[in-house]
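*Asks:* Compute the structure for the input listed below.
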Amino acid sequence: MTIPVTLAGPTLDDVEAARLLVRRVAETTPIETSRYLSDILGTTVLLKCENLQRTGSYKIRGAYTRMARLTEEERSRGVVAASAGNHAQGVAFAARELGIHATIFMPIGVALPKLQATRDYGAEVVLRGHSVSEPLQAAAEYAERTGAIYIPPFDHPDVVAGQGTLGLELLEQVPDLETVVIPIGGGGLASGVASVLKRRAAEEGRTIRIIGVQAANAAAYPISLAAGEPTDIAIGSTIADGIAVARPGTLNFAIIRDAVDEVVTVEEDDIAQAMLVLLERAKLVVEPAGAVGVAAVMQGKVSAQGTTVVILSGGNIDPLIMERVISHGLAAGERYLKLRIPLPDRPGQLARTSEIVASQNANVVEVLHTRHGTGLQISQVELELHIETRGPEHAEQVLGALREAGYQPRVDF
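*Replies:* Modelled structure (predicted):
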């Protein structure tokens, strides 16, 4: 991709200036090698661990950059933001460090850990509505009524420059990088990192390929890029709430259109499996939005030659949601089978099926025995088994053993 001289967004000098500010509060997060993903992609895959950043995500970079550049008069008026999670924590933390009063509007159903963390950083939290759109409107009205400075989550040059500091870190930590995979919501992170990497690559006469990833149920960028302008979409249900944005940012869209080579999407099951892999293989807790890049690699959505970096953009996840995601990821990876087996209504059948499962070294974790299943004959009962396996091959082995014994197991998704 040839980068036009008129590429929108911050220059390298702008991002370098932002870095002087960001260094006051943000960590240089580590790079970890993933052998598992390297084997899948056929080249070296590294993980940029922004899930280990202060406040649990990259958001502190852009929020602090924007707020550190406010005048004394603007700071005296306070700041306001709307968010269901990471942006709220980034703004609250930055406000505490800069001595600015922050008011954050959050939806009523926001996860308790995110709500408490935002309050613990010193922000005044106002719960409003049941989706992000209502807090956004409330924040805009508050800014107009009180004169507080609204801190946008992605669509502002200072925010983009702040997020771009992550790109400078990548260039220093992985000088030979050739491909970068970045989660995209509104586009703040992707536009900041892409503008840095593409400008530096152009200066050095080399190529760096950038791939953006969105959740399929909240993918505004493919539609917007096809239309040639930011376009509103209806957001479906997604566990990746951190990147569930109905409309791309105007500035962000302009940069991503010119500097990001490809935008791909991943499904909900893909994201759950990616989070599970990161837990098991990398020992990293990553929120759904932060794991979409790994999901894209696992599902063959990324093609790359040379060193590839996948950005893990955040690690803020409610433990209750994590529990559900792990269960869903196990099921999606066929490591947790739910089987329905019609049986003759006579003694010993439950014991026999359990022995067959045990003989295949699988573990039965739950059993339901009923005479009231749909389609059962009068002389039949239905056995519902919940079984832990080691993966698809082992699951098929268990099913094969049951079939060989004359049973007709049905996998219930």
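
*Asks:* ok, the residue nearest to the spatial centre of the chain to residue 107 distance?
*Replies:* Nearest to the geometric centre of the chain sits residue 289, at 1.2 Å (CA atoms, centre = their mean). Residue 289 sits 16 Å away from residue 107, going by CB to CB, to the nearest Å. Glycine gets a C-beta too; all of them are placed from N, C-alpha and C.

*Asks:* pretty sure residue 196 contacts residue 169?
*Replies:* No - counting by CB atoms under 8 Å, residue 196 does not reach residue 169; the two are 9.6 Å apart.

*Asks:* Who has more neighbours out of those two?
*Replies:* residue 196 (30 against 21; other CB atoms under 10 Å).

*Asks:* For the host helix or strand of that one, list every residue counted as buried.
*Replies:* Here residue 196, judged by DSSP states H and E, is contained in helix 188-204. Buried positions in helix 188-204, judged by neighbour count with 16 or more other CB atoms under 10 Å: 188-202.

*Asks:* Stretch 324-343 too?
*Replies:* Neighbour counts using 16+ other CB under 10 Å place 325-326, 328-337, 339-343 of stretch 324-343 among the buried residues.

*Asks:* Which of those residues fall in helices?
*Replies:* Residues of the buried residues of stretch 324-343 located in helices (DSSP state H): 325-326, 328-332.

*Asks:* Can you convert these into a markdown table and add a column each for pLDDT?
*Replies:* Listed next are those as a markdown table, based on pLDDT from 0 to 100:
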| residue | pLDDT |
| --- | --- |
| 325 | 82 |
| 326 | 80 |
| 328 | 74 |
| 329 | 72 |
| 330 | 75 |
| 331 | 73 |
| 332 | 72 |
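
*Asks:* of these, closest to residue 28?
*Replies:* residue 325 (28.6 Å; CB to CB).

*Asks:* Now residue 216. Its backbone dihedrals?
*Replies:* Dihedral pair for residue 216: phi -60, psi -30, per degrees, to the nearest 10.

*Asks:* just wondering, since we're on it, how far is it from residue 264?
*Replies:* For residue 216, the distance to residue 264 - CB to CB - is 9 Å.

*Asks:* got it, and residue 171?
*Replies:* Using CB to CB, residue 171 is found at 24 Å from residue 264.

*Asks:* So between those two, which is more surrounded?
*Replies:* A count of neighbours by other CB under 10 Å puts residue 264 above the other of residue 171 and residue 264, at 22 against 15.

*Asks:* Need the nearest residue in space to the more buried one, chain neighbours excluded.
*Replies:* residue 301 (4.2 Å; CB to CB, 6 or more residues apart in numbering).

*Asks:* The one you found - how many residues pack around it?
*Replies:* Neighbours of residue 301 using other CB under 10 Å come to 18.

*Asks:* dump the residue contacts of it.
*Replies:* 213, 264-266, 295 (CB atoms under 8 Å, 6 or more residues apart in numbering).

*Asks:* got it, and residue 287?
*Replies:* Contacts of residue 287 (CB under 8 Å, 6+ apart): 51, 57, 242, 275, 314-317.

*Asks:* From those residues, pick the one nearest residue 40.
*Replies:* Scanning the contacts of residue 287 for proximity to residue 40, where the rule is CB to CB, the winner is residue 275, at 15.9 Å.

*Asks:* Check the gap between the closest one and residue 219 for me.
*Replies:* To residue 219, residue 275 is 19 Å away according to CB to CB.

*Asks:* Show the buried residues in the contacts of residue 287.
*Replies:* Using 16+ other CB under 10 Å, the buried ones in these are 51, 57, 242, 275, 314-317.

*Asks:* Please point out which parts of stretch 353-363 sit buried.
*Replies:* 353, 356-357, 360, 362.

*Asks:* hang on, I meant stretch 148-166
*Replies:* Within stretch 148-166, the residues scored as buried using 16+ other CB under 10 Å are 148-149, 151-166.

*Asks:* One more: stretch 228-247?
*Replies:* Going by neighbour count (16+ other CB under 10 Å), the buried part of stretch 228-247 is 230-231, 233, 235, 238-245.

*Asks:* Let me see the ranges of the strands in the stretch 1-150 of the chain.
*Replies:* All strands of the stretch 1-150 of the chain, identified by DSSP state E, counting those that start in this stretch, fall at 31-33, 45-49, 79-82, 102-106, 124-127, 149-150.

*Asks:* What's the mean pLDDT across the helix holding residue 196?
*Replies:* Here helix 188-204 scores 95 as its mean pLDDT.

*Asks:* C-alpha coordinates for it, PDB please?
*Replies:* Taking C-alpha atoms only, helix 188-204 is exported to PDB below (Å, rounded to 0.1, in the frame of the first residue of the first chain):
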ATOM      1  CA  GLY A 188      -8.500   5.100  17.800                       C
ATOM      2  CA  LEU A 189      -5.900   2.500  18.400                       C
ATOM      3  CA  ALA A 190      -5.700   1.300  14.800                       C
ATOM      4  CA  SER A 191      -5.500   4.800  13.300                       C
ATOM      5  CA  GLY A 192      -2.800   5.800  15.700                       C
ATOM      6  CA  VAL A 193      -0.600   2.800  15.300                       C
ATOM      7  CA  ALA A 194      -1.200   2.600  11.500                       C
ATOM      8  CA  SER A 195      -0.300   6.200  11.000                       C
ATOM      9  CA  VAL A 196       3.000   5.700  12.800                       C
ATOM     10  CA  LEU A 197       4.000   2.400  11.200                       C
ATOM     11  CA  LYS A 198       3.100   3.400   7.700                       C
ATOM     12  CA  ARG A 199       4.900   6.800   7.900                       C
ATOM     13  CA  ARG A 200       8.000   5.100   9.400                       C
ATOM     14  CA  ALA A 201       8.000   2.300   6.800                       C
ATOM     15  CA  ALA A 202       7.700   4.900   4.000                       C
ATOM     16  CA  GLU A 203      10.800   6.800   5.400                       C
ATOM     17  CA  GLU A 204      12.700   3.500   5.500                       C
END
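
*Asks:* what bits of the stretch 251-400 of the chain have low per-residue confidence?
*Replies:* 371-379 (pLDDT under 70).

*Asks:* ok so, going back, just name the most buried of the strands of the stretch 1-150 of the chain.
*Replies:* When you average the neighbours per residue for each of those (mean count of other CB atoms under 10 Å), strand 79-82 leads with a mean of 28.

*Asks:* From residue 168, how far off is the nearest residue to residue 124 once chain neighbours are set aside?
*Replies:* Excluding its sequence neighbours, the residue lying closest to residue 124 (CB to CB, 6+ apart) is residue 103, at 4.8 Å. Using CB to CB, residue 103 is found at 32 Å from residue 168.
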